[in-house]
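Novice: only geometry, no sequence info:
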C-alpha cells in the first residue's frame with residue numbers, strides 16, 4: 001500500500017499530496033529541467049578547441065610537405081585561387097578551407113582573390129628560407145590523418161570518420177545505431193551549455209513564436225533547452241532513424257515529452273511537418289556543401305508562413321574568412337569527416353535572401369559559436 005506525504009510543489013497556495021513512490025521521479029524531472037535552465041558560469045571554448053583543432057596540424061603538414069604550397073606562392077609573388085586549384089588539382093571546397101586556415105594562421109593575406117605570403121609565411125614556410133620549419137612537420141606528413149587531408153583536397157571526398165573500419169563517412173556511419181548513439185552523446189554533452197546560452201540570446205526573437213521545428217536536431221538538446229527556458233514554446237524534432245529513437249529517450253529523460261514531439265524523416269527527401277512558426281538549424285548546415293544548403297534553406301522557406309522565423313546556430317567564420325583561428329581549425333575537421341565546412345554569415349545571408357528572408361546580424365553565444373536569424377518576407 002502506498003503511503004502519502006505533503007510535499008512541494010504547491011498549486012494555488014495549497015500543497016499537493018503525492019504518493020512517496022512517485023516523488024523521486026518528479027523530483028528528478030524538476031532537477032533535469034533546472035539543469036536545462038541554468039547557464040554555465042564559464043566558457044568551455046578552450047576545452048572544445050583541443051578537440052576541434054585535431055586535424056589542423058596535419059592539413060598544414062600536407063600544405064608544406066606534400067604540396068610545397070608556400071614556396072610555390074612565394075615564387076610567383078601573388079596568385080589567384082583558380083591558379084592554385086588548377087596547378088595542384090585541388091577541389092574547391094577543401095581548398096577554401098585550407099586558404100581560410102592559412103589566413104587565420106597569419107601565413108597568407110588575401111586581397112581581391114589574390115593570395116600572397118606574409119612575413120611569417122615567407123620566413124618559416126618557404127623551403128629555401130634559413131628558418132624553414134618543414135622538417136618539424138615531417139613526422140606527421142604521412143600520418144593517416146594527413147593522408148585523409150590530402151585525399152579530401154584532391155578528390156573532395158571526406159576521409160574516414162576516425163576509427164571507422166568500414167570506410168564510411170560520418171553521414172553513412174550515422175545509420176549504424178551504435179555509432180549514432182556515441183556521436184549523439186558527443187554532441188549532446190556540449191549542446192547543453194551551448195543550448196542554454198542560445199535560449200537566452202534568442203529570447204526576444206522567440207517571444208512571438210509558438211512552435212519550433214528543430215531540423216536534424218540530434219538528441220533534441222537545443223529544443224529541450226529552448227522549451228525549458230521559454231514556457232510558451234513547443235517543439236518538434238525532425239530526425240532520421242535510428243537517431244529519432246535516441247532523441248525520444250533524451251526528451252523523456254528531460255521530462256519534456258508533453259512539449260516536444262519527434263518526427264522520423266530524412267530532411268532532404270521527406271516532407272517537413274507543417275507545424276512551426278520558427279525553424280532551428282543548429283549545427284546542421286556546416287555538414288553540407290552549398291547546393292545542399294540551398295535545398296535546406298528552400299525547404300525552410302516552404303515550411304514557414306510569412307513572418308516565420310529561422311535561427312541558424314553554428315561556428316561562424318568572419319565574413320572575410322581571415323578567422324577566427326579556432327573556427328578555421330574546426331573547419332578542417334569538418335571538411336575531413338562531412339560534406340561541408342564552416343561558413344560565414346554573409347554566405348548564409350545570401351542564400352537566405354535568395355529564398356525570401358530578411359536577415360539579421362550575427363550574434364556570439366559561447367564556445368566560439370553564434371547564430372544569425374532571419375524572417376520570411
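Specialist: Ah, there it is. All values derive from a computational prediction rather than experimental measurement.

Novice: give me the low-pLDDT residue ranges for the protein?
Specialist: Where the chain drops to pLDDT under 70, the residues are 1-34, 159-184.

Novice: domain ranges for the protein, per the record?
Specialist: Domain ranges of the chain: 4-34, 49-157, 180-325+339-376, per automatic domain parsing.

Novice: need those domains in CSV with distance to residue 333 and mean neighbour count, can you?
Specialist: For every residue, glycine as well, the C-beta is placed using N, CA and C. Converted to CSV, the domains of the chain look like this (distance: least, CB to CB, whole Å; neighbours: other CB atoms under 10 Å):
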stretch, distance to residue 333, mean neighbour count
domain 4-34, 31, 11
domain 49-157, 5, 18
domain 180-325+339-376, 9, 19
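
Novice: with distance to residue 332 added, can I get those domains in JSON lines?
Specialist: Listed next are the domains of the chain as JSON lines, based on distance: least, CB to CB, whole Å:
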{"stretch": "domain 4-34", "distance to residue 332": "36"}
{"stretch": "domain 49-157", "distance to residue 332": "5"}
{"stretch": "domain 180-325+339-376", "distance to residue 332": "8"}
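
Novice: of all these, which one is nearest residue 40?
Specialist: Proximity to residue 40 (CB to CB) singles out domain 180-325+339-376 among the domains of the chain, at 4.7 Å.

Novice: and the residue nearest to residue 117 when sequence neighbours are not counted, how far is that from residue 121?
Specialist: Using CB to CB, 6 or more residues apart in numbering and skipping the chain neighbours, the partner closest in space to residue 117 is residue 74 (5.3 Å). Distance, residue 74 to residue 121, by CB to CB, to the nearest Å: 8 Å.

Novice: picking that back up, helix or strand for the residue nearest to residue 117, which one?
Specialist: Secondary structure assignment for residue 74, by DSSP states H and E: helix 69-76.

Novice: show me what contacts residue 309?
Specialist: The contact partners of residue 309, by CB atoms under 8 Å, 6 or more residues apart in numbering, come to 205, 206, 209, 277, 278, 279, 373, 374, 375, 376.

Novice: what's the closest non-adjacent residue to the second one?
Specialist: The reference is to residue 206. Of all residues not flanking residue 206 in the chain, residue 230 sits nearest, at 5.9 Å (CB to CB, 6+ apart).

Novice: contact partners for that neighbour?
Specialist: Counting by CB under 8 Å, 6+ apart, residue 230 touches 199, 203, 206.

Novice: ok, those residues vs residue 55, which is closest?
Specialist: The closest of the contacts of residue 230, once distances to residue 55 are taken by CB to CB, is residue 199, at 30.5 Å.

Novice: for residue 241, see how far away the residue nearest in space to the middle of the chain is.
Specialist: Note on the chain: the residue nearest the mean C-alpha position is residue 283, at 2.9 Å, using CA atoms, centre = their mean. In this structure, residue 283 and residue 241 are 20 Å apart, going by CB to CB.

Novice: for the stretch 151-300 of the chain, which segments count as helices?
Specialist: Taking DSSP state H, counting those that start in this stretch, the helices of the stretch 151-300 of the chain run over residues 170-173, 177-201, 221-229, 243-253, 290-303.

Novice: of these, which is nearest residue 325?
Specialist: When the helices of the stretch 151-300 of the chain are compared by CB to CB, helix 177-201 sits nearest residue 325, at 19.2 Å.
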